[in-house]
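In: Return a 3D structure for these sequence lines:
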Amino acid sequence: MLVQTKALVLHTIKYNDNSLIAHCYTQALGKQSFLLKGILSSKKGKIRKAHFQPLSLLDIHFQHKNKGGLNFIKELKVDPPFQSIYTSIPKNTIALFLSEVLYKSLQQEEPDLPLFEYLENALLWLDTHDDIANFHLLFLLKLTQFLGFYPFVEEEESPYFSLVNGCFTSLPPQGKFLDGLAAQQLKQLLGTNFATLNLPKLNQQSRRELLEALVHYYELHLHGFSSPKSLPILHQIFA
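Out: Here you go, the predicted structure:
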């Protein structure tokens, strides 16, 4: 079956001497994998390695194998090409980190149009704005809405947030939890959107603690999820 769809590049891995396997999240069919034969040795081909940078947005035509396995891309174009994500060191680092998170988080081979639209719109926002120090925090928090473990906010006035149960509590819960300033800042993030991303004001230490808490939250609620290797690099960039 020939499929045309938008696709988001999550991860690539070298295959043999001159080929790549690219894992993408597609608008039409969810997570799909593609064999890019000879892409590392071809200098004039229509499909090039540069097209597959972390979180590139593509429009692709490919032959879909209904029984799974690797697909083959017939043609593609970058749509739209980002203007700043790959030239800004902070944005490029965020893209690398989030591509790892999404590669580990998105497993379903079925379409989820609201999720794809969220990812696309969030990345377009990142590409066109400069005040992005809190972007990855809000991105991770909003992504949990689609993954099924968005924080339960009925008891939002309570002072403790249980990472195990995903809710605020009036008494210290068992297991890992946030309290004090960290819990207050999480509450503020829950009431934030990308248009008001500069609120709350977070210093380096607060941003680091919240990010590590959110990564641990993912580890607790997603089977097989592990901390991204690019996390220490992200900490350095925003230090």
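
In: Just the CA atoms of stretch 70-81, as CSV, please.
Out: The C-alpha atoms that make up stretch 70-81 are tabulated as CSV, following Å, rounded to 0.1, in the frame of the first residue of the first chain:
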residue,chain,number,x,y,z
LEU,A,70,11.1,-2.0,7.4
ASN,A,71,9.5,0.3,4.9
PHE,A,72,11.1,2.0,1.9
ILE,A,73,10.6,5.8,1.2
LYS,A,74,10.0,6.6,-2.4
GLU,A,75,10.2,10.3,-2.1
LEU,A,76,10.2,13.0,0.5
LYS,A,77,10.5,16.7,1.2
VAL,A,78,11.2,18.6,4.4
ASP,A,79,7.9,20.4,5.2
PRO,A,80,8.4,22.9,6.7
PRO,A,81,12.1,23.4,7.0
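
In: which residue is nearest the middle of the protein?
Out: Computing the C-alpha centroid of the chain and ranking residues by C-alpha atoms, centre = their mean puts L98 first, at 3.6 Å.

In: Could you check the pLDDT of K65?
Out: Confidence per residue is given as pLDDT, and for K65 that number is 80.

In: so where's the chain uncertain?
Out: For the chain, the stretches with pLDDT under 70 are 68, 199.

In: Quick check: longest strand in it by residues?
Out: If you go by DSSP state E, the chain has its longest strand at strand 2-15.

In: Buried by neighbour count: which residues of it qualify?
Out: Residues of strand 2-15 classed as buried by neighbour count (16 or more other C-beta atoms under 10 Å): 3, 5-12, 15. From N, CA and C alone the C-beta is placed, and that goes for glycine too.

In: related to what we said a few turns ago, the residue nearest to the centre of the chain: which element?
Out: When secondary structure is defined using DSSP states H and E, the element that contains L98 is helix 89-105.

In: What are the structural domain limits within this protein?
Out: 2-78, 89-237 (automatic domain parsing).

In: What's the end-to-end length of the shortest one?
Out: Terminal residues of domain 2-78 are spaced 19 Å apart (C-alpha to C-alpha, to the nearest Å).
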